[in-house]
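K.L.:
Below is the sequence, then the predicted model.
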Amino acid sequence: MRQKSEPLARHASEVSLSDQKIWMGNMGVRSSAAITIVSVAIGIVWGLWGPASSETASKSQEQRSTHLEKRTESNGQVTKSDSQPIERRSEPAIQDFRHQDLQVARPVERGRTLTTREIVERSEASVAQVKGARGSGSGFLVRHRLLATNHHVICDELCKNIELYFPSAANGERGSRRAELLYEDAKRDLAIFHVDTTREPLELAEAYTFRKGDDVTIIGSPGIGPGLALQNAITRGVVSTETTIDGAKFYQLGASVNPGNSGGPVIDLDGKVIGVVSAKAQKAEAVGFCIPVQDLMDALRSEKVVALERDPKTEKTHNARVVFTVLGMTGYMYERGMNKYVSDMRATLLSGGSAAQGISMASRAVDPVLARFDTAITADIKEELSSIVNDTEIPFEVREELKDLWAVYREMKSYIDEPRGSFESYSKKSIELKDRYEHLVNRLGLLLGT
């Protein structure tokens, strides 16, 4: 649940759970790269271009069980953002993170719990808004100079575009701050950054045991519209139940969470973090989900995180995945666009009309949609692609396949912008480009581990 800018905001991957819709965030990395890209875009494709009627498309969508919307972002003050529209191990907890001069939140008196106001006063200055060029989410300090958020908050953001703001910190300490990516785990939806700040980390409930009905406080920056977020807004709720989605454990929350809250802390009455907000149910009120704190602890035991190892290859690999994701998604939309052209030309020819009439009909439906997707291929994506293909630290196969994927996207775009040839030759070219596209997406998915 991350607030997104156009055109990425409205497209989400889907999984089957129950009869309830749950949104998984846009571009969430799944077990297959091809499935990822297809599931991201498929909703809008069939709604606008598919041969089925809108009624059929709607019915098909209702038959999909469940959606997790992994996008969140917003805060307690209305602010204009810069853009519109991770296997567990049973090792003991690592203590090296704690510096001698680091002060964590004051312990609670034995037998007394905190009020919501006390929790907020102790915690909110260490909760950040995570902003990128395409949207924003939330995050919070978990160790000295370490900040955790959801992977889906940053999965389609180039590292250079990710900035952190601490809305509730004292004047002069709010940000923006450049964050350095240390760790990301798409499967568990966690990412950890190194950030230059003296802010105190929140205390993690390392020995937490799930208790149904526990009261919790959620702090994050939900979005209220394109480019607008409520900075460090406060939500109260309860821990409702435990559930498993795609093989991963979540705590289901009886709390209202929204796009922009993703990556924010879920805090118990002792003032300790018990989870990381990650998703919400689409068609149900006050049904949210968080990643258990134990999974966050596992991420903090990662070798690179423990050593605070800032490896440039980590960010380079992340950026290559971002370019692949954006190119793959946009290429998929153009593939569907060419299919629509073929379909409409065939229909008009069979009814006694001309191929030109079919092209005109398809153009009216396809072109406005593709224009929005073209905005995702921004100057920084093109610049990053150029940097990647010339970077010898990135595997040769990755560089070559990304170049080829770019070429396929450009060729598909040219056949949409300027349809040419006969109906037969256009149909043949559509099939050829689709096959090349799918081969490259599958290859890159394996090479980049997505």
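P.N.:
Great, that's in hand. Residues are numbered from 1 along each chain as shown.
K.L.:
OK, contacts around the closest residue to residue 272 other than its chain neighbours?
P.N.:
Distances taken as C-beta to C-beta, 6 or more residues apart in numbering put residue 205 closest to residue 272, at 3.8 Å, once the chain neighbours are dropped. For the C-beta atoms, the positions are set from N, CA and C on the backbone; glycine is no exception. By C-beta atoms under 8 Å, 6 or more residues apart in numbering, the contact list for residue 205 reads 268, 270, 272, 273, 274, 293.
K.L.:
And the furthest pair within the residues you listed?
P.N.:
Maximum pairwise distance in the contacts of residue 205, criterion C-beta to C-beta, is 12.3 Å, between 270 and 293.
K.L.:
more neighbours, these two?
P.N.:
Using other C-beta atoms under 10 Å, the more surrounded residue of residue 270 and residue 293 is residue 293, with 23 against 17.
K.L.:
Let me know the closest of the contacts of residue 205 to residue 169.
P.N.:
residue 273 (17.9 Å).
K.L.:
And that closest one, how far from residue 114?
P.N.:
Computed as C-beta to C-beta, to the nearest Å, the residue 273 to residue 114 distance reads 13 Å.
K.L.:
Compare those two (neighbour count), which wins?
P.N.:
When neighbours are counted by other C-beta under 10 Å, residue 273 comes out ahead of the other of residue 273 and residue 114, with 25 against 21.
K.L.:
Next, the buried residues of the strand or helix carrying residue 344.
P.N.:
Per DSSP states H and E: residue 344 is located in helix 312-350. Buried residues in helix 312-350, counting neighbours by 16 or more other C-beta atoms under 10 Å, are found at 314-345, 348.
K.L.:
Next: stretch 417-431.
P.N.:
Within stretch 417-431, the residues that count as buried by 16+ other C-beta under 10 Å are 419, 423, 426, 427, 429, 430.
K.L.:
How about stretch 189-199?
P.N.:
Neighbour counts over stretch 189-199 (16+ other C-beta under 10 Å) mark 189, 190, 191, 192, 193, 194, 195, 197, 199 as buried.
K.L.:
ok now the helix or strand containing residue 152, how far from the chain's centre?
P.N.:
Assessed by DSSP H and E, residue 152 sits inside helix 151-154. Relative to its chain's centre, helix 151-154 lies at 4 Å (C-alpha atoms, centre = their mean, to the nearest Å).
K.L.:
Which elements pack onto it?
P.N.:
The contact analysis (3 or more C-beta pairs under 8 Å, 6 or more residues apart in numbering; DSSP states H and E) places helix 151-154 against strand 135-143, strand 175-185, strand 190-195.
K.L.:
just checking, next helix/strand downstream of it?
P.N.:
The helix or strand immediately downstream of helix 151-154 is strand 163-165, counting by DSSP H and E.
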